[in-house]
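Q: just a sequence and a predicted model for now, questions to come.
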Amino acid sequence: MNIKTTEQVAEISWFCDMSDGDTAYLGERDKTRASTFEHCLNILQTADKNNFKAALLPTAYDTGMDPLSFATAAQAFTQNISTIVALRMGEIYPTTLARMLSTLDETSKGRFIINAISSDYPGRKDSPQMRYGRSAEILDILIQGWEKNEINFDGKYYQLHLDAAPAKTKFNKRPLIHFGGISKEAKEVAAKYADVYLMWPETKEMMRKTIEEVSELAYKNGRKIDFGLRIHMVVRETENEAKAYAQKLVSKLNEQEAFNIRAKHQDAASYGVFRQDELRKQANSEGYIEPLVWSAVGKVFSGCGSALVGSGEQIASKLHEYMDIGFRAFIHSGFPLIEEADYFGKLVMPKMNVVSLQEHYNKTVLHSAMAR
């Protein structure tokens with residue numbers, strides 16, 4: 001999609017835990033919040049009630065639920081919210097995946113987004129060139145299925161010459177693709193195929209440089225893309241209340257147990273996680289890498305390692321600063337997820353100009369074939 005939003009608007013999304021990570025204390029497994037269908041649906045419905053435009057359904061292997069299956073079943077019980085379905089590229093054969101997405105398009109009436117993941121398959125270790133090369137081929141095949149009458153592809157990993165009809169999605173002719181990764185290979189794939197390049201929290205200047213770099217890569221491919229930030233939230237009426245709650249979150253933290261939990265995650269050894277770790281080492285004595293950005297979450301979770309901590313006014317102001325440097329999509333979460341969605345919905349959401357990027361694109365431009 002050869003467009004980029006220019007207005008001071010953003011898609012504000014929440015997080016729906018799929019792998020037993022919902023908790024009131026970092027480093028503690030909470031059996032009462034295990035990722036059952038009922039609990040995950042409760043999170044999704046709470047986010048829907050609080051006017052979040054979408055909810056990320058992450059993918060994991062060790063425990064929990066499958067995001068694509070969950071999305072297909074759960075969307076019938078929601079009103080407006082979309083699901084951002086994390087899909088590990090290659091786990092499902094491309095044409096099978098295309099038909100599954102076509103089914104989700106029908107059951108949700110178009111309320112879904114793809115988060116394309118290039119991590120290793122469970123039990124395997126592949127080179128970045130293989131992982132991202134495979135992802136690029138799959139995304140090319142999916143896009144051909146959506147935008148053309150035939151899929152004609154001859155690549156290193158897939159060779160397909162088929163009628164594209166089974167892949168068609170009628171509610172959104174061209175579903176949005178979110179894509180992340182800080183490596184050179186990841187940025188190159190994002191520049192060619194992503195609609196939203198997702199990032200984890202770093203200092204504002206570091207993120208600005210990444211946005212400029214990926215924007216330039218996209219431009220060289222004849223494209224413009226948007227940028228998204230995945231970041232946790234601790235928001236209260238006052239900054240002191242928020243900081244006190246942040247300290248409560250780590251009050252039961254056992255460093256060794258936290259390390260063991262973190263090490264189980266599929267992406268625990270990725271370059272992006274390494275960057276999060278390095279930032280945490282540079283934080284001040286309270287764990288802040290810059291004002292409001294608290295890095296202690298990364299002691300437990302291998303991916304997104306920081307949270308914004310502050311009052312509703314402070315958080316909204318910080319998000320607008322991020323929008324000023326180019327972010328147009330935010331995926332938030334809190335501990336625990338249901339209660340913190342209510343806090344954010346009450347204290348921050350009314351201060352934001354929230355849109356659905358899919359709807360925003362549908363209203364402002366016609367879909368066109370992506371430059372390759």
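A: Happy to help now that I have it. Numbering: from 1, shown residues only.
Q: any buried residues in stretch 65-75, and which?
A: Across stretch 65-75, burial judged by 16 or more other Cβ atoms under 10 Å covers Met65, Pro67, Leu68, Phe70, Ala71, Thr72, Ala74, Gln75. To be clear about C-beta, it is placed using only N, CA and C from the backbone, and glycine gets the same treatment.
Q: for the longest strand along the chain, name the packing helices and strands.
A: Using DSSP state E to define each element, the chain has its longest strand at strand 226-236. If contacts are counted by 3 or more Cβ pairs under 8 Å, 6 or more residues apart in numbering; DSSP states H and E, strand 226-236 sits against strand 196-199, helix 204-220, helix 239-249, strand 307-311, helix 312-324, strand 327-333, helix 337-347.
Q: got the CA coordinates for it in CSV?
A: Extracted in CSV, the C-alpha atoms of strand 226-236 (Å, rounded to 0.1, in the frame of the first residue of the first chain):
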residue,chain,number,x,y,z
ASP,A,226,3.6,3.8,8.7
PHE,A,227,5.3,3.1,12.0
GLY,A,228,4.0,1.4,15.1
LEU,A,229,5.2,1.1,18.7
ARG,A,230,4.6,-1.8,21.1
ILE,A,231,4.9,-0.5,24.7
HIS,A,232,3.5,-1.4,28.1
MET,A,233,1.5,1.1,30.2
VAL,A,234,1.3,2.1,33.9
VAL,A,235,-1.1,5.0,34.0
ARG,A,236,-2.8,6.5,37.1
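Q: what lines up beside it in the sheet?
A: Here strand 226-236 has these sheet partners by DSSP bridges: strand 196-199 (parallel), strand 307-311 (parallel), strand 327-333 (parallel).
Q: what's the neighbour count on Asn51?
A: Asn51 is flanked by 14 other residues according to other Cβ atoms under 10 Å.
Q: sorry, wrong one. I was asking about Ala86.
A: When neighbours are counted by other Cβ under 10 Å, Ala86 comes out with 21.
Q: pLDDT wise, what is it at?
A: Confidence at Ala86, expressed as pLDDT, is 97.
Q: what about Thr96, how many neighbours?
A: Thr96: 10 surrounding residues under other Cβ under 10 Å.
Q: what is the nearest of the buried residues of stretch 65-75 to Val250?
A: Met65 (27.1 Å; Cβ to Cβ).
Q: what sits against the nearest residue in space to the closest one that is not next to it in sequence?
A: Closest residue in space to Met65, ignoring its immediate chain neighbours: Met18 at 4.9 Å, by Cβ to Cβ, 6 or more residues apart in numbering. The contact partners of Met18, by Cβ atoms under 8 Å, 6 or more residues apart in numbering, come to Ser35, Cys40, Leu57, Pro58, Thr59, Ala60, Gly64, Met65, Asp66, Pro67, Phe70.
Q: thanks a lot, catch you later.
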